[in-house]
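Trainee: here's my sequence, what's the structure:
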Amino acid sequence: MMARTALSLALSLLIPAAAMADSPATVEEAIAAVEAKYSDVNVMNAQFVQTVRNPMFGDDVQSGEVTLARPSKMRWNFGDGARQFVTNGSTMWIYTQAENQVIQYDGFTATAGGAESLLSSLDTLDELYNVSLVSSDPTVLTLEPKDEGQFKTVTLTLNAELLVDKVAIVDAYDSVTEIDFEGMQLNLPTPDSLFVFDVPDGAIVVDAGTL
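Mentor: Numbers count the residues shown, from 1 in each chain. Have a look, this model is predicted:
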């Protein structure tokens, strides 16, 4: 679940347009501003802290670095590389250093409501989500996927420049995943090779088939 949430919460995020002179007063203004800002953004890189809140198992906190790119490419490095989620948009690799194991999935596609799908669809919010404006300063939006998906709601918090500060996802089981971003950089030159996982020597590769 956590593996799917981390990916499955997010892709292609995304040169920033100029910061808005005024905070959006209506949900229509907010949607227009966010979609305009991210229409030309193809790559996002940031440090993150992810907190998974589960009513039964308590909180799990992890941190690392994430790079997201259109279309549906991503690399999540947790800690010092102890865990990695990597996808080139069709194949996904989940690596656990402690077990020296790679789980490989084929047929990966972004799921509406997840981090990767959210960050890849910031320029089409109105098309994919029912959007509510929770706050104008900072800008906070609640998103409900129009099509049935893995998640119930996503709450998106953006700073004055409309950079994503935080994403909170409520899944079908009412678990909440919060991701706080820091040091976000947009449209950095990023080679495609970053989104292909190099299997470490001696690692066990488990072919999990098609997602």
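Trainee: what's the neighbour count on the residue nearest to Phe78 when sequence neighbours are not counted?
Mentor: Once flanking residues are discounted, Phe78 sits nearest to Gly64: 4.2 Å by Cβ to Cβ, 6 or more residues apart in numbering. Using the backbone N, CA and C atoms, a C-beta is placed for each residue, glycine as well. Neighbour count of Gly64, defined by other Cβ atoms under 10 Å: 20.
Trainee: and Gly64, what element?
Mentor: strand 58-69 (DSSP states H and E).
Trainee: quick check: what element follows that strand along the chain?
Mentor: Heading C-terminal from strand 58-69 (DSSP H and E), you reach strand 73-78.
Trainee: mind listing what that following strand pairs with, with the direction of each?
Mentor: In the sheet containing strand 73-78, its partner strands are strand 58-69 (antiparallel), strand 83-87 (antiparallel), by DSSP bridges.
Trainee: residues contacting the residue nearest to Phe78?
Mentor: Residues near Gly64 by Cβ atoms under 8 Å, 6 or more residues apart in numbering: Gln47, Phe48, Trp76, Asn77, Phe78, Gly79.
Trainee: and for Asn88?
Mentor: Contacts of Asn88 by Cβ under 8 Å, 6+ apart are Lys73, Asp192, Phe195, Val196.
Trainee: ranges for the helices of this structure?
Mentor: In the chain, the helices defined using DSSP state H lie at 2-7, 27-38, 115-120, 125-128.
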